[in-house]
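Chemist: Sharing a sequence plus its predicted fold:
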Amino acid sequence: MADFEGRCEDILTLAGEALGTDLSYLSPNSASLDQYETSLQRKVDELRSIFFPYWSCEPTIFRSPPVHYRLRAKFGIGRVNPQASRPAGPLAGITETTRTGAPQGSPGQLCYLMWGADKKPVVISSFPLASRRINDLMPRLLLALGEGPLILRRSLRAVNFLDTLAGDTLIALMYETAWAEGGEAAKEEWVAAAREHVKEALGVQVVGRGKRVALPVDRAYVLEEFCLSPPSPASSRGASPLPPCAPGTGGADTGRDPKGGPRRAPAGVPRPCPSVLRYKQWDGAFSNPNGFMALHTLRWLCARADAVLQRGDAPRGVQATGGEADERGGERRMEDGDREQQGDTEGHGGPGGCEGCVDVASGGEGRVCRERQGLRPRVCRPPPSGDKPPACDLLELFCGGGNHTVALSRKFRRVVGVEIDRRLVAAAKENLALNGVKNASVIQIPSERFHPERLGHYRRQQEQEEKHDGEGARARTMHGPGKRVASAGGEAGLTARTQGMGQSPPDEDDPFFRVVLVDPPRAGLDRHTRKMVSNYEDILYISCAPLSLLRDLRGESEEERRQSADRKILSLAGFGLVHTHRVVDMCVLDHFPGTRHIEVAVHLQRRGTHEKGADGSHTLIDDRENSCVTFMDALKHTVN
Ligand SMILES: C[S@@+](CC[C@H](N)C(=O)[O-])C[C@H]1O[C@@H](n2cnc3c(N)ncnc32)[C@H](O)[C@@H]1O
């Protein structure tokens, strides 16, 4: 227990120092710690058991603060009539449904609602899983809405809080009808009321949302900041040549900028840390609810990237040839035979690299090598050396708003992100621009239709669309990336989708994707994507649904095949990533304490990978030697 308390304090100290913020208030009491540890232990035990055939070592566990970890929280709004007779039960005193809201002049007081498992609303006044700041704002918001003009609360049906570790917070007020469907005058009246009574009174950003409208008072995003480098012991003693990491752009420690922006660096810490990454998180778009875990994920990914790049094994990967060849490549689907075509990588090559490849140890120029069965050519490049950027690119599928793309662009020569959601693609581009990233690009396409050999084609297509959109965008106003909104107020007039478009994607000359990162939704990978990623030397897989990850590792069972609605490429159903790769690292990220959900990340390395020794020689890794599963382990597992 004491041990865990120590670890928890560590997390808070680490995050606090990294952000130049005192997070000690998040320190939980020991009762919740006990509960937290028991629940986490149960989840981890279950994971150990299901992943045992593939990873029998202790996974690294990243613990979350047990309470006040959620940076996003949405509540319904109800009305409680203080005069009403109060029957027992969760509906006690609620006079109006949240659908219709209280009519004008209703005596009902606003209250927060959540829905229980039985779908009945429960009145709440606080939500301990949400951040302290959200809890602090909850009663103050109700008071502000109750005391402000009627337009603020009429037909209000829900409230969404979006907070950050950096201290920037946004409240979205969601309406059924009223002003949101009214004319310009109604919108202006709402903006004026929301500015005075909510934004300025509470020091937050505010957005009003109706059915087809989203109206920011000032801006419709928050700015989050993550520091990639954990503070060194020296820096925490104040002896480091580098000042402690500070978010923001420096200046006096006013705690908050006059516009309600993120906290400024404390006085005396004038220089922002170069390892701080900044992210715009848009109202209504996906962002990780647990900022602590998001930070741990970034650091884990960077550490794995370092491990891959330092390994310096004989590089093999997926070569995307540009130009005309792209066009001829067409939309090619992977079929069962592809694995054989790719060449069973066991024994493919040996010390010195694969057959026909340049001896990478000699540092010679990259040279085309043809795969044995006549697959498309690949270029083998020398491993990273000296100050040169690593000659290795990253393909990131399901990249969302570019959370990982920004961080990993510092590790790889270039990064190509793939995302289906138009708004998130635009958000990712903005985040790349915000951090001055020039070596990454994002493509809007479903991952199952993405083919690396068509990169040149995608880029040209995108350039055409952007040109077309750019012309259209000048004539309209946007709320956030890719979404239209009403025109009144603040940055509503920005054409956010075009903000990030200024930078062109990196030149697609010979991208060499040795590493692929996937962070799919709960369903995991579709069959095509699963097969496609098996072509890469290293796979970093982040999963918010461990059972889907398990299926992707081992392939679908007979039962899963029968249940699957997806009849496409059924022949790939049984293919799992462990047929070509082995798990070399696993971590558990407790994104959702107090719930049964948990996130897992694994690093998969192609079987038969070559490792480069200090003397420049290459050694084929033998799976058995590296396996953590011993006979005794297996026996223990079976007995238990
Ligand atoms: C779990 S989120 C990960 C987002 C991102 N990695 C992050 O940390 O912010 C999954 C992402 O996959 C995207 N997505 C869902 N289906 C997709 C598909 N078929 N192809 C590409 N992206 C998809 C979603 O829009 C979402 O952004």
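Modeler: Yep, that arrived.

Chemist: Point me to the residue of the stretch 451-600 of the chain nearest the ligand.
Modeler: Asp519 (3.7 Å; Cβ to the nearest ligand atom). No exception for glycine: its C-beta is placed from N, CA and C like everyone else's.

Chemist: nearest spatial neighbour of that residue, skipping sequence neighbours?
Modeler: Excluding the flanking residues, the one nearest Asp519 by Cβ to Cβ, 6 or more residues apart in numbering is Ile542, at 4.2 Å.

Chemist: for the ligand, what are the nearby residues on the stretch 301-450 of the chain?
Modeler: 398-401, 403-404, 418-421, 424, 446-448 (Cβ under 6 Å from any ligand atom).

Chemist: Count the neighbours of the residue nearest to Asp519 for me.
Modeler: Ile542 has 20 neighbouring residues, counting by other Cβ atoms under 10 Å.

Chemist: The helix or strand where it lies pairs with which strands, parallel or anti?
Modeler: Using DSSP states H and E, Ile542 sits within strand 538-543. Partner strands and pairing direction for strand 538-543 (DSSP bridges) are strand 512-518 (parallel), strand 599-606 (antiparallel).

Chemist: Export these to JSON lines and append columns for mean pLDDT and mean neighbour count.
Modeler: Shown next, in JSON lines, are the strands paired with strand 538-543 (pLDDT from 0 to 100; neighbours: other Cβ atoms under 10 Å):
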{"stretch": "strand 512-518", "mean pLDDT": "92", "mean neighbour count": "25"}
{"stretch": "strand 599-606", "mean pLDDT": "96", "mean neighbour count": "24"}
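
Chemist: hang on, the earlier thing: would you confirm that the residue nearest to Asp519 contacts Gly524?
Modeler: No - contact criterion Cβ atoms under 8 Å: Ile542 and Gly524 do not qualify, at 11.0 Å.

Chemist: Pick out the residue in this protein sitting closest to the ligand.
Modeler: Closest point on the chain to the ligand, by Cβ to the nearest ligand atom, is Gly400, at 2.6 Å.

Chemist: Using the three-state scheme, assign that residue.
Modeler: coil (DSSP: H, G, I helix; E, B strand; the rest coil).

Chemist: Low-confidence ranges, the stretch 401-550 of the chain, go.
Modeler: Per-residue confidence for the stretch 401-550 of the chain (pLDDT under 70) gives these ranges: 469-511.

Chemist: how about the helix or strand hosting Leu455, does it get close to the ligand?
Modeler: Element membership for Leu455, per DSSP H and E: helix 455-474. No - remark: helix 455-474 sits outside contact range of the ligand, by Cβ under 6 Å from any ligand atom, the gap being at least 13.1 Å.

Chemist: who's in contact with the residue nearest to Asp519?
Modeler: For Ile542, the contact set (Cβ atoms under 8 Å, 6 or more residues apart in numbering) comprises Thr297, Leu301, Leu517, Val518, Asp519, Glu599, Val600, Ala601.

Chemist: One more: Thr529?
Modeler: So Thr529 contacts Leu397, Ser447, Glu448, Val518, Pro520 (Cβ under 8 Å, 6+ apart).

Chemist: Which members of those residues are the farthest-apart pair?
Modeler: Glu448 and Val518 (11.8 Å; Cβ to Cβ).

Chemist: Determine how far the last residue of stretch 46-62 lies from the first.
Modeler: Stretch 46-62 stretches 16 Å from its first residue to its last (Cα to Cα, to the nearest Å).

Chemist: same question, stretch 58-68
Modeler: The first and last residues of stretch 58-68 sit 27 Å apart, counting by Cα to Cα.

Chemist: any bit of the one helix or strand Phe161 maps to sitting next to the ligand?
Modeler: With elements taken from DSSP H and E, the one containing Phe161 is strand 156-162. No - using Cβ under 6 Å from any ligand atom, strand 156-162 never reaches the ligand; the gap is at least 14.0 Å.

Chemist: just stretch 214-229 next, same as before
Modeler: No - if you take Cβ under 6 Å from any ligand atom as the test, stretch 214-229 misses the ligand, and the best it gets is 11.0 Å.

Chemist: just stretch 286-297 next, same as before
Modeler: Yes - Stretch 286-297 is in contact with the ligand by Cβ under 6 Å from any ligand atom, via Phe286, Asn288.

Chemist: how long is that stretch from one end to the other?
Modeler: 16 Å.

Chemist: now stretch 109-126
Modeler: Taking Cα to Cα as the criterion, the two ends of stretch 109-126 lie 16 Å apart.

Chemist: try stretch 206-225
Modeler: Across stretch 206-225, first to last residue, Cα to Cα, it's 20 Å.

Chemist: same deal with stretch 544-563?
Modeler: Taking Cα to Cα, the first and last residues of stretch 544-563 lie 21 Å apart.

Chemist: now do stretch 535-550
Modeler: First-to-last residue span, stretch 535-550, Cα to Cα: 19 Å.

Chemist: Repeat that for stretch 534-544.
Modeler: Using Cα to Cα, the two ends of stretch 534-544 sit 20 Å apart.

Chemist: for the helix or strand hosting Phe226, packing partners?
Modeler: Taking DSSP H and E as the criterion, Phe226 maps to strand 221-227. Applying 3 or more Cβ pairs under 8 Å, 6 or more residues apart in numbering; DSSP states H and E, one finds that strand 221-227 makes contact with helix 2-19, strand 276-282, helix 291-311.

Chemist: Can you give me the domain boundaries for the protein?
Modeler: 72-222, 301-639 (automatic domain parsing).

Chemist: follow-up on the earlier one: among the helices and strands packed on strand 221-227, show the one with the smallest mean pLDDT.
Modeler: Of all the helices and strands packed on strand 221-227, the minimum mean pLDDT falls on helix 2-19 (a mean of 48).

Chemist: any idea which helix or strand comes after that one?
Modeler: Helix 2-19 is succeeded, C-terminally, by helix 30-51 (DSSP H and E).

Chemist: by how many degrees do that following helix and strand 599-606 diverge?
Modeler: 30 degrees (axes from the mean of the first three to the mean of the last three Cα atoms, to 10 degrees).

Chemist: what's the average pLDDT for helix 30-51?
Modeler: Rounded mean pLDDT across helix 30-51 is 85.

Chemist: same deal with stretch 585-595?
Modeler: 91.

Chemist: In its sheet, which strands sit next to the strand holding Phe161, and in what direction?
Modeler: strand 72-80 (antiparallel), strand 170-175 (antiparallel).

Chemist: winner for burial among those strands?
Modeler: strand 170-175 (a mean of 24; mean count of other Cβ atoms under 10 Å).

Chemist: Might you report the residue contacts of the residue lying closest to Leu589 once chain neighbours are set aside?
Modeler: With sequence-adjacent residues excluded and distances taken as Cβ to Cβ, 6+ apart, Leu589 is closest to Glu599, at 4.3 Å. Applying Cβ under 8 Å, 6+ apart, we find Glu599 in contact with Met293, Thr297, Ile542, Ser543, Cys544, Val588, Leu589, Asp590, His591, Phe592.

Chemist: what do you get if the cut-off is 10 Å, keeping everything else the same?
Modeler: 62, 288, 290, 293, 296-297, 519, 542-546, 549, 587-592 (Cβ atoms under 10 Å, 6 or more residues apart in numbering).

Chemist: between the residues of the stretch 301-450 of the chain next to the ligand, which is nearest Leu141?
Modeler: Distances from Leu141 to these, taken by Cβ to Cβ, are shortest for Gly401, at 25.9 Å.
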